[in-house]
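Enquirer: Return atomic coordinates for the entry below.
(2 chains)
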Amino acid sequence: MADDIIAIRSFVAAGVGGAEVADDQDIFAGGYVNSLFAVQLVMWLERQFGIFAQGTDLDLGNFLSVERICAFVAAKRAAADTAAVSSLR
Amino acid sequence: MSSPTTPTPATSAAGVGGRALQGLREVLRTVDIQAAEAAGRLPEGLLGELGERGLLLPCRSRDVGGLALNQYELGALCEELGGQWVSLLSVLTAHMMAAEAIGRWGNHELAATVLAEAAGGRRQLAFALSEPEAGSDAEGVRSHAEPAAEGYRITGVKTWLSGGQDADLFLVLAQSPGGPIALLVDRADPGVEVTPIEPLLGFRAAGLAQLAMNEVVVPARRVVGRPASGLRHVAATALDHGRFCLAWGGVGLAQASLRNCADRTAQRHQFGSPLLDHQLVRAMLSDMLVETAAARLLCAEAARLREEGAPEALVYTSMAKYRSARTAARATRDALQLHGAFGTSAGHPVERAFRDAKLLELVEGTEQIHQATIAGHIQRLAYPRVDGASVL
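Expert: Numbers count the residues shown, from 1 in each chain, chains lettered A, B, ... in the order given. Below you'll find the model as predicted:
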């Protein structure tokens, strides 16, 4: 989890051109990032954390800040674990 | 002159991509392209025929009627279309753009139904983003979708829709109280009016149309993605796919110019020798070859990154479209120059390529929009990432 947030902070920092961004800061409202970044972020999260985003995940709230992104990744992983367990039954 | 398509790791004549290319060529051989361009629309039944061969949604799985092609193989198809018939490329690209967005972000039931119909050619798709007052600035769209008991009620006007004259379903981007929303409007929905647009400079058989929606009720199940994600993800996915297809189309246009010029300059004699022996002509031809090869390599690099699912794929796709459209514009202009008055006669392939290349520079991102995207990417280069990935 600690590694996750470090990687996410780094991706977001590069995305906002190196500006100081607090973990709870709204990066979209701040005008730091554009729609291209939003798409890149999802692609990167999928590859980095082995998750798969669906249409229902496209809630901007999931990607608003470093903290929210972390929580999103954790929730997707937990859901994938649950699905894996139920498929074993 | 044979077509020296750069061999890519994933394309071989015997493989599924090679067979798809062969199939496309077979279909195109049966079409009178010049007549269709003059008539301003695609021949009846053409899309159905392409659908039977899996060529309408070639990258989707075989389950829904596609061929599961990879990005290199898709690129080869688009290059072929660019070289032979840009109007058809434009219609197929719009169809694929909508399908990609629906397949990626639409709910499972919607995606399964629509993609199967779209792959077989039973339903033609179009992508409806531009408006009379909003083009490059997609956030400026004025069409609006108000929540209603059944889903949404949408009003607005969309324009420059490739394939719009015959499309059955439109992926429409509109404003909603929650943010930009993407939803599927059915041509049969009450309140929908489709009006053909007079042929433009290029893409003349692409069946361009305007879509007017007057309080059209769209059920909630036809919303693609979440209400506020219409622009950031749904439209972005579609546009990215469109840019990739048209980037390869530009390579096809440039390659066809090269082939036409090689023939022409070998056969045409002036001042006692073939044009090909004149030094100024040799300079033009060598630049045309080098530029075309460079554009193709950039497209192949975009294909590689897309296959990897790398975030940089988006910027590379933008770079490929930017470069390739510019290359096509220059190559087709030089081809016209080298063909002299002959090339300017109506219906000559060189004349049509010149017109289509100009349009290619404008659609799916003008040169200036791509430059802005690419420059935005450069701003991020100074900040290394801890995952070790290089953004260059």
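Enquirer: give me the residue from chain A nearest chain B.
Expert: Chain B sits closest to A:L58 of chain A, with a gap of 3.5 Å, by C-beta to the nearest C-beta. Where C-beta positions appear, they are placed from N, C-alpha and C, glycine not excepted.
Enquirer: ok, how many other residues are close to that residue?
Expert: For A:L58, the number of neighbouring residues by other C-beta atoms under 10 Å in any protein chain shown comes to 23.
Enquirer: where are the low-confidence patches of the chain?
Expert: If you meant another chain, say so; for now it's chain A. A:1, A:31, A:84-89 (pLDDT under 70).
Enquirer: if you could check chain B rather than the one you did, that'd help
Expert: Using pLDDT under 70, chain B drops low at B:1-13, B:380-392.
Enquirer: where do the helices sit along it?
Expert: Listed in chain order, the helices of chain B (DSSP state H) span B:16-29, B:33-39, B:46-52, B:71-84, B:86-105, B:108-120, B:236-267, B:279-308, B:313-343, B:349-360, B:367-378.
Enquirer: ok, the residue nearest to B:G65 when sequence neighbours are not counted - how many residues close by?
Expert: Nearest non-adjacent residue to B:G65, counting by C-beta to C-beta, 6 or more residues apart in numbering or on different chains: B:A119, 3.2 Å away. Neighbouring residues of B:A119 were enumerated by other C-beta under 10 Å; the total is 26.
Enquirer: which ones are touching the residue nearest to the residue of chain A closest to chain B when sequence neighbours are not counted?
Expert: In space, not counting the residues next to it along the chain, A:L58 is nearest to B:S229; the distance is 3.5 Å by C-beta to C-beta, 6+ apart. Applying C-beta atoms under 8 Å, 6 or more residues apart in numbering or on different chains, we find B:S229 in contact with A:55, A:58-60, B:105, B:179-180, B:182.
Enquirer: So for A:A7, which of the helices of chain B sits nearest?
Expert: Using C-beta to C-beta as the measure, helix B:279-308 is the one of the helices of chain B that comes nearest A:A7, at 17.7 Å.
Enquirer: now the angle from that closest one to helix B:71-84?
Expert: With axes from the mean of the first three to the mean of the last three C-alpha atoms, to 10 degrees defining the directions, helix B:279-308 sits at 150 degrees from helix B:71-84.
Enquirer: Packing partners of helix B:279-308?
Expert: In terms of contacts (3 or more C-beta pairs under 8 Å, 6 or more residues apart in numbering or on different chains; DSSP states H and E), helix B:279-308 is packed against helix B:71-84, helix B:236-267, helix B:313-343.
Enquirer: got these as a markdown table, with mean neighbour count columns?
Expert: Formatted as a markdown table, the helices and strands packed on helix B:279-308 follow (neighbours: other C-beta atoms under 10 Å in any protein chain shown):
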| stretch | mean neighbour count |
| --- | --- |
| helix B:71-84 | 25 |
| helix B:236-267 | 25 |
| helix B:313-343 | 23 |
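Enquirer: Any idea which residue of chain B lies closest to chain A?
Expert: Closest point on chain B to chain A, by C-beta to the nearest C-beta, is B:S229, at 3.5 Å.
Enquirer: B:L298 reaches B:R323, doesn't it?
Expert: Yes - if you go by C-beta atoms under 8 Å, B:L298 and B:R323 touch, sitting 5.3 Å apart.
Enquirer: Give the residues shared as contacts by the two.
Expert: B:A247.
Enquirer: Look up phi and psi at the residue of chain A closest to chain B.
Expert: phi -80, psi 50 (degrees, to the nearest 10).
Enquirer: which helix of chain A spans the most residues?
Expert: helix A:66-88.
Enquirer: For B:V216, which residues are in contact?
Expert: Here B:V216 is in contact with B:153-155, B:185, B:189-192 (C-beta under 8 Å, 6+ apart).
Enquirer: Tally up the residues packed near B:M288, please.
Expert: Using other C-beta under 10 Å, B:M288 has 23 neighbouring residues.
Enquirer: correct me, but it touches B:R259?
Expert: No - at 10.3 Å, B:M288 does not count as touching B:R259 under the criterion of C-beta under 8 Å.
Enquirer: Give the closest residue to residue 66 in space, chain neighbours not counted.
Expert: Here I'm looking at chain A. Closest residue to A:V66 apart from its sequence neighbours, by C-beta to C-beta, 6+ apart: A:D23 at 4.3 Å.
Enquirer: To clarify, I was referring to chain B.
Expert: Closest to B:G66 by C-beta to C-beta, 6+ apart is B:R60, at 3.2 Å.
Enquirer: I'd say that neighbour and B:L74 touch.
Expert: No - applying C-beta under 8 Å as the test, B:R60 and B:L74 come out as separate, 10.7 Å apart.
Enquirer: quick one on the thing from earlier: please report phi then psi for the residue nearest to B:G66.
Expert: phi -80, psi 170.
Enquirer: what's near enough to touch B:A206?
Expert: B:42, B:87-88, B:90-91, B:162-163.
Enquirer: Please render those residues as a markdown table that adds distance to B:T317 to the earlier fields.
Expert: Listed next are the contacts of B:A206 as a markdown table, based on distance: C-beta to C-beta, whole Å:
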| residue | distance to B:T317 |
| --- | --- |
| B:L42 | 26 |
| B:S87 | 22 |
| B:L88 | 21 |
| B:S90 | 17 |
| B:V91 | 20 |
| B:S162 | 18 |
| B:G163 | 21 |
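Enquirer: Give me the buried subset of those.
Expert: B:42, B:87-88, B:90-91, B:162-163 (16 or more other C-beta atoms under 10 Å in any protein chain shown).
Enquirer: need the helices and strands packed on helix B:279-308 in TSV with distance to chain A, can you?
Expert: As requested, those are exported to TSV (distance: least, C-beta to the nearest C-beta, whole Å):
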stretch	distance to chain A
helix B:71-84	14
helix B:236-267	5
helix B:313-343	6
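Enquirer: Determine which of those helices approaches B:V141 most closely.
Expert: helix B:236-267 (13.4 Å).
Enquirer: what angle do the closest one and helix B:86-105 make?
Expert: Counting by the same axes, to 10 degrees, helix B:236-267 points 150 degrees away from the direction of helix B:86-105.
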